[in-house]
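# sharing a sequence plus its predicted fold:
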Amino acid sequence: MKFSISSSELLKQIQIASGAIAPNPVLPILEDFLFKIEDKKLTIGATDLETSIATTIDVLADDNFSVAVPARILLDTLKALPPQPITFTVDDSNWGIEITSSYGKYKLAGENGEDFPEIPAPDSVQTVKLNSQYLLDAINHTVFATSSDELRPTMTGVYFQLDMNKLTCVATDAHKLVKYTTHQLAGEVGTTFIVPKKALNLLKNALPANDGVTMSFNKANAFFSFGGMSLVCRLIDGRYPDYNAVIPVDNPNNMLANRADFQNSLKRIAIYANKTTNQVVLDISDKSLTISAQDLDFSNEATEQMACTYEGNAMKIAFNARFLAEMLGVLSSDEVKMEFSSPSKAGILTPIEEEDKKREILMLVMPVMLNN
C-alpha cells in the first residue's frame, strides 16, 4: 500500500492538524496522525478527544487504506526536507511505514488506523454560514479575553449567541470583557453555546482569509468546515454569566484618543508600575490625558502627558496597564473612545471606525483601586 505527495503540501496540512494533538495524550495512539486514503484522496486527522481536525488533499495512491503515523517524527522529517515529491509505503502486516525521498529512505513504526478514535460526525445539527473574515475577526477580538481559571469553565471559552442574521461573541475573565457583533450571518437559527479557547486558536491558524465557513452545532459539539478542512470541538457545558449586567449604561464622561499613542504610552509607563497590580493612573481633563505609575517598593515612578478630546468632569481612574494595552493592541482603528461613569465603575473602550465594517466592538475593563 503506497501513496505519493508533495512534501511541502503535506507539511502545511499536518502543521495545522498537529495543533489538535495534546502534549500528554491519554492514549498513545493520540500522538499520531490518522492517514486515511480513499479514492486518491488523503484525509489527515488528529484529535485530543475534545478537539479534532481533519483535512483532505489529493494524492497519487494505489489502494484505499488507513494508518496511524507518529506525528512528531513525521513533522521533524518534513521540516528538514526541501520541497519534493515523497512516497509512503505501508506494510499492512506490521504497519511499518517507509518514506522515500530523493535523498533516501526513512522507516518508522505506524499503527493500525482502525484503532484510531473516531472523529465525531455532524448529527442532528443546526447550520449557519458566514464569511471566514468575520469569524476570524470575532476570534481575534475575543479569544484573548477568555479566562484561564478552570474553576470557572464557562469563562474559559467564547460565548456564541446566534440570532437569525446576527452573531454576537463574548469573552470575559471578570477583569476585562469583549463583545463583538456582526450581522453577516446566513441562517435562521436562534441559539447560544460556548466554544473552548483551544478550538478557536486552531481555527484562527487554519481559516482562509476570505472564504465561506459552514458552522454546525448540536448540544454536544460544534463543527466548522471550510475548503478541504473541518474542525470539531466539544462545547463547554454550563450557563454563561449575564454579561449585560456588568456593562454600565450611563457613562457621561467621554474621551477620544489616538489608539497607537495611547497604547505605546501605557507600555512605557507600565515599566514603572507595581509588578503585582500593573496599576496605571489616568488623570483626564479637557484636552489632556496624564498617565502615571509608581512602584513604592522600588521608588520607581513615571509620568507622561498626551493630547485627547474629553467631555465630562475631570477624572482620575486607575487600570491594570497590561489589560488596557492588550485591548488596544487588538483594535485596528486609528482612534478609540473611552467612556466612564465613575472611578469605581468599569471603563468602556470602543474603536472609532473610519468606515462601516459591518461589526460592532465593545470592550470593558474593570478599574483597580487607586493607591493613596
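In hand now; what should we look at?
# contact partners for Met229?
Residues in contact with Met229 (Cβ atoms under 8 Å, 6 or more residues apart in numbering) are Ile16, Ile53, Ala54, Thr55, Thr56, Ala206. Quick note: C-beta positions are derived from backbone N, CA and C, even for glycine.
# residue contacts, the third one?
If I follow you right, that is Ala54. Each residue near Ala54 by Cβ under 8 Å, 6+ apart is listed here: Ala17, Thr43, Ile44, Gly45, Ile119, Met229, Ser230, Leu231, Val232.
# can you redo those residues as CSV with secondary structure and pLDDT?
Formatted as CSV, those follow (DSSP: H, G, I helix; E, B strand; the rest coil; pLDDT from 0 to 100):
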residue, secondary structure, pLDDT
Ala17, helix, 95
Thr43, strand, 96
Ile44, strand, 97
Gly45, strand, 97
Ile119, coil, 90
Met229, strand, 93
Ser230, strand, 95
Leu231, strand, 97
Val232, strand, 97
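# ok, the contacts of Met229 vs Asn165, which is closest?
Nearest to Asn165 among these, counting by Cβ to Cβ, is Ala206 at 24.9 Å.
# nearest spatial neighbour of that closest one, skipping sequence neighbours?
Counting by Cβ to Cβ, 6 or more residues apart in numbering, Ala206 lies nearest to Ile16, which is 4.8 Å off, once chain neighbours are set aside.
# the one you found: what's it in contact with?
The contact partners of Ile16, by Cβ under 8 Å, 6+ apart, come to Ile53, Thr55, Leu202, Asn205, Ala206, Met229.
# now for the third one: which residues touch it?
What that stands for is Leu202. Applying Cβ under 8 Å, 6+ apart, we find Leu202 in contact with Ile16, Gly19, Ala20, Thr51, Ile53, Leu231.
# can you lay out the contacts of Ala54 as a markdown table showing distance to Lys345?
Formatted as a markdown table, these follow (distance: Cβ to Cβ, whole Å):
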| residue | distance to Lys345 |
| --- | --- |
| Ala17 | 45 |
| Thr43 | 52 |
| Ile44 | 50 |
| Gly45 | 49 |
| Ile119 | 46 |
| Met229 | 44 |
| Ser230 | 44 |
| Leu231 | 39 |
| Val232 | 41 |
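# pretty sure Asp63 sits against Lys36.
No: between Asp63 and Lys36 there is no contact under Cβ atoms under 8 Å: 11.8 Å.
# more neighbours, the two?
Taking other Cβ atoms under 10 Å, Asp63 and Lys36 do not tie; Lys36 has more neighbours (19 against 11).
# could you find the closest non-adjacent residue to Ile5?
Leaving out its chain neighbours, the residue that sits closest to Ile5 by Cβ to Cβ, 6+ apart is Val59, at 4.7 Å.
# state the number of residues packed around the one you found.
Residues within reach of Val59, counting by other Cβ under 10 Å, total 19.
# same check, this time on Asp149
For Asp149, the count of nearby residues is 11 (other Cβ under 10 Å).
# please list all residues in contact with it.
Residues near Asp149 by Cβ under 8 Å, 6+ apart: Met155, Thr156, Asp173.
# and for Lys79?
The contact partners of Lys79, by Cβ under 8 Å, 6+ apart, come to Leu11.
# helix, strand or coil for it?
In three-state terms, and counting by DSSP: H, G, I helix; E, B strand; the rest coil, Lys79 is helix.
# for the remainder of this discussion, apply numbering that starts at 288.
Sure, I'll start numbering at 288, so the last one becomes Lys366.
# how close does it sit to Leu657?
51 Å (Cβ to Cβ, to the nearest Å).
# kindly report the same for Ser631.
The value you get for Ser631 to Leu657, if Cβ to Cβ is used, is 9 Å.
# one step back: the contacts of Met516 in helices, which ones?
Using DSSP state H, the subset of the contacts of Met516 located in helices is Ile303, Ala493.
# now the two most distant members of the contacts of Met516.
Among these, the pair separated by the greatest distance (Cβ to Cβ) is Thr343 and Ala493, at 13.1 Å.
# when the two are compared, which one has more neighbours?
Neighbour comparison, Thr343 and Ala493: the larger count goes to Ala493, with 21 against 17 (by other Cβ under 10 Å).
# contacting residues around the more buried one?
Ala493 neighbours (Cβ under 8 Å, 6+ apart): Ile303, Gly306, Ile340, Met516, Leu518.
# change it to 7 Å
Ile303, Met516, Leu518 (Cβ atoms under 7 Å, 6 or more residues apart in numbering).
# now Tyr390. Nearest residue, chain neighbours left out?
Leu368 (7.4 Å).
# got it, and Leu423?
Leu494 (5.2 Å).
# and that neighbour, what does it touch?
With Cβ under 7 Å, 6+ apart, Leu494 has these contacts: Ser419, Leu422, Leu423, Val500, Phe513.
# look up how far Asp326 lies from Thr376.
Thr376 is 19 Å from Asp326, where distance means Cβ to Cβ.
# give me the element the residue most central in space within the chain is part of.
For the chain, Asn488 is the residue whose C-alpha lies nearest the centre (Cα atoms, centre = their mean; 3.3 Å). Assigned by DSSP states H and E, Asn488 belongs to helix 484-493.
# again, but for Phe606
Assigned by DSSP H and E, Phe606 falls within strand 602-607.
# so Thr590 sits against Gln581, correct?
No: shown here, Thr590 and Gln581 do not form a contact pair, counting by Cβ atoms under 7 Å, at 9.1 Å.
# out of the contacts of Ala341, which one sits closest to Gly383?
Out of the contacts of Ala341, the member with the shortest distance to Gly383 (by Cβ to Cβ) is Ile331, at 19.3 Å.
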